[in-house]
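[1] Prediction below, plus the sequence it came from.
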Amino acid sequence: MARKGGSMAGTGLGRFVRLGGLLALVALVVTACADVQEDGSPDGGATGPTADRQVPDNRDITIKIAVNPWDGSAANANVAKVLLEDELGYTVELVEIDEFAQFPALATGDLDATLEVWPSGHGKDYKKYIEAGAGVVDGGELGVIGQIGWWLPTYLLEERPELATWEGLKGNEDLFRTAESGDAGQILGGDPSFVTFDQAIADNLGLNLKVVYAGSEAAQLSALDAAYQKQEPILFYFWTPHWAHAQYDLTMVELPEVTPECEDAAVNDPDAYACGYPQDVLYKAFHDGLQAKAPSAFAFLSAMSYTNEDQNAIALEIHNGVDPAEAARTWIDAHPDVWQPWVDAGLAAE
């Protein structure tokens with residue numbers, strides 16, 4: 001990390017030179033050298049506000065953290081990795097895995113943590129693995145608030161303001177027809193591993209729409225950019241927080257309010273779902289053996305919490321081609337007030 005211990009220039013060294021005390025100068029140099037460890041940095045290389053103490057030696061313990069296929073997940077995981085390694089001394093392995101597979105992996109201990117679960121898509125997993133005590137524990141809120149929905153470029157509403165609601169889409173589905181969707185209008189999905197109810201929503205609301213998957217978030221965003229540049233119609237599954245909202249003017253289509261019936265359908269009968277997506281308070285989930293295996297890592301990850309704006313700043317850098325770890329370090333360097341309490345919680349559990 002960029003922050004190291006304070007500089008000697010203009011303080012003790014300057015004062016001794018002005019006094020002409022050669023012996024004092026020699027003593028100062030010897031003292032400074034004695035404080036430097038083998039890696040060339042004070043106190044073993046610790047950084048930031050904790051640079052004046054020794055980093056715990058937890059290198060023999062590996063923490064495996066899930067990375068789901070979206071930039072926000074990579075942002076969370078890399079922030080955690082950098083701080084767990086630099087401040088608490090752990091070895092961290094990031095594991096690319098889709099959001100369905102991560103719960104069985106957490107239950108068996110093949111994963112130690114996932115840092116961004118969208119509850120609207122994982123009610124069944126919460127009941128099966130967390131409420132039933134089947135190897136997974138709730139790790140607390142991430143602090144990020146999510147909202148999934150159907151989105152349009154706002155320019156479409158200038159001539160067709162009715163498209164802002166699902167009722168206004170009815171009868172206008174042909175506007176979104178593509179070769180892939182055939183006789184129906186297209187709802188462009190992203191990664192097919194994402195938890196969605198879009199086809200059920202369209203069918204149950206009587207909308208002639210067909211979900212077509214772009215294959216990945218990146219491919220979906222490429223399609224959005226192409227349509228946006230030409231001011232063409234596009235209707236797509238998307239969410240906030242996401243850096244794209246800073247680049248494109250987008251409007252979420254108003255779908256029916258979430259009802260108790262839809263809450264039940266999301267868990268027990270997804271094909272019956274006929275509402276919009278609920279607002280998601282994103283949470284973390286851990287293997288139930290993590291606290292015993294690595295108590296300070298458990299405490300750190302439990303305390304980890306930041307905002308949509310924090311995550312978006314890192315995710316935008318990742319999207320722009322910055323290495324995820326470097327994007328995380330840039331944010332870490334600028335926000336010690338946010339992450340220092342997480343580290344303090346970890347140190348208290350050491």
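    Alright, I've got the coordinates. None of the values given here were measured: they were computed from a predicted structure. Numbering: from 1, shown residues only.

[2] C-alpha only now, for contacts and for neighbours.
    Fine.

[3] so where's the stretch 51-200 of the chain shaky on pLDDT?
    Across the stretch 51-200 of the chain, the ranges flagged by pLDDT under 70 are 51-52.

[4] Please report phi then psi for Val267.
    phi -90, psi -40 (degrees, to the nearest 10).

[5] So what's the residue count around it?
    Other residues lying near Val267 total 17 when counted by other C-alpha atoms under 10 Å.

[6] any idea of the pLDDT on it?
    Per-residue pLDDT puts Val267 at 87.

[7] Tell me which residues touch it, please.
    His122, Gly123, Lys124 (C-alpha atoms under 8 Å, 6 or more residues apart in numbering).

[8] Skipping adjacent residues, who's closest to the second one in space?
    It refers to Gly123. Val267 (5.5 Å; C-alpha to C-alpha, 6 or more residues apart in numbering).

[9] returning to what we had before: PyMOL command to pick out the buried ones of the contacts of Val267?
    Burial among the contacts of Val267 is assessed by 16 or more other C-alpha atoms under 10 Å; the matching PyMOL selection reads:
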select buried, resi 122
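
[10] could the contacts of Val267 go into a markdown table alongside distance to Leu235?
    Listed next are those as a markdown table, based on distance: C-alpha to C-alpha, whole Å:
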| residue | distance to Leu235 |
| --- | --- |
| His122 | 24 |
| Gly123 | 26 |
| Lys124 | 28 |
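
[11] In helices only, show me the contacts of Val267.
    Among the contacts of Val267, the ones falling in helices (DSSP state H) are Gly123, Lys124.

[12] which of the contacts of Val267 lies closest to Glu261?
    Set against Glu261, the nearest of those by C-alpha to C-alpha is Gly123 (13.7 Å).

[13] Which residues lie in contact with Asp112 in this structure?
    Residues in contact with Asp112, defined by C-alpha under 8 Å, 6+ apart, are Ile63, Lys64, Ile65, Leu106, Phe286, His287, Leu290.

[14] rewinding a little: check the contacts of Val267 against Gly149 and report the nearest one.
    Nearest member of these to Gly149, counting by C-alpha to C-alpha, is His122, at 16.1 Å.

[15] what's near enough to touch that closest one?
    Val195, Val267.

[16] Against Leu290, how distant is it?
    As judged by C-alpha to C-alpha, to the nearest Å, His122 and Leu290 stand 21 Å apart.

[17] how close does Gln220 get to Pro241?
    16 Å.

[18] and what of Leu224?
    Using C-alpha to C-alpha, Leu224 is found at 17 Å from Pro241.
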